[in-house]
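Trainee: only geometry, no sequence info:
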């Protein structure tokens, strides 16, 4: 206080101004520091919010990815068909199933079926295009067509005894619908085609035909299972006899492999067919 009393009025004014300036500077410094602290806090808060936001984004992305994967799996599970249940078949039903399987093969037997229901191509034209035609025989005039009794004896003597013998056409080419010949008392009648079945020890199904007195065999199971360009048939010669019910004629041919894969065996009987393996038949 003595210092102030000894000062002149001019010096006092200068002194007060200096004090005010210093106080102002101190106030500014405090304010700046406070603002800096506030900014730092804001930065920290912002940083936390950004981190939280990024985590939320990541979690959202992960959830979307998971949802997408689950949706994809659900769609995939919807598109995958359920496996068909497999029911064991009894021995009694096996024959029926196998015969039905053979009937589906028979629909594709071009050598034993009508060539064209629409009539756009005749049997003769078909066989000329798909084979070498050796002979054409009028079925009604043929002396080689066996009676039911003769066909039955031929097949039974060859060991084909487990299934009935059926006929599909009469000598006029009229479809009979797989009529059972064994149910008839009179077996003196003649039919162009006789058929029976044979099941090997390995449960392979064969259909066996007598056509104009000649015997032929169709490995039905192997024809269904094998991926081959044509149907396999067995003959005792290099020739195949076919019947066309429209013209009422037998066609004796040497088929092209693109139409029929004809395999020759010395004797078509149950014993020999039972020995044939899938590799031998389809190879």
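Mentor: Alright, I've got the coordinates. Only a predicted model underlies this, so the values are computations on that prediction, with no experimental measurement involved.
Trainee: So, low pLDDT: which residues of the protein?
Mentor: By pLDDT under 70, the low-scoring segments of the chain are 1-120, 178-185.
Trainee: now with 80?
Mentor: For the chain, applying pLDDT under 80 flags the ranges 1-120, 178-186.
Trainee: so how far is residue 144 from residue 165?
Mentor: Using Cβ to Cβ, to the nearest Å, residue 165 is found at 18 Å from residue 144. C-beta: built from backbone N, CA, C; applies to glycine.
Trainee: Near residue 125, how many other residues are there?
Mentor: 12 (other Cβ atoms under 10 Å).
Trainee: can you check residue 175 too?
Mentor: Close neighbours of residue 175, defined as other Cβ under 10 Å, add up to 11.
Trainee: ok, it - contacts?
Mentor: The contact partners of residue 175, taken as Cβ atoms under 8 Å, 6 or more residues apart in numbering, are 168-169, 245.
Trainee: Bridge partners for it, pull those for me.
Mentor: Note on residue 175: beta-bridge partners residue 169, judged by DSSP bridges.
Trainee: That one and residue 168: what is the separation?
Mentor: Residue 175 sits at a distance of 6 Å from residue 168 (criterion: Cβ to Cβ).
Trainee: same check, this time on residue 282
Mentor: On the measure of Cβ to Cβ, residue 282 and residue 168 end up 27 Å apart.
Trainee: Then residue 279?
Mentor: 32 Å.
Trainee: wait, what's in contact with residue 232?
Mentor: Taking Cβ under 8 Å, 6+ apart, one finds 218-219, 222-223, 226, 260-261, 263, 281-282 in contact with residue 232.
Trainee: now it, which residues is it bridged with?
Mentor: Under DSSP bridges, the beta-bridge partners of residue 232 are residue 261.
Trainee: Residue 132 too?
Mentor: Following DSSP bridges, residue 132 is listed with bridge partners residue 254.
Trainee: Helices of the chain, residue ranges please.
Mentor: 2-5, 9-79, 91-106, 123-130, 148-157, 220-225, 270-275, 278-282 (DSSP state H).
Trainee: The residue nearest to residue 218 when sequence neighbours are not counted pairs with what?
Mentor: The shortest distance from residue 218 to any non-neighbouring residue, by Cβ to Cβ, 6 or more residues apart in numbering, is to residue 207 (4.6 Å). When bridges are called by DSSP bridges, residue 207 pairs up with residue 197, residue 218.
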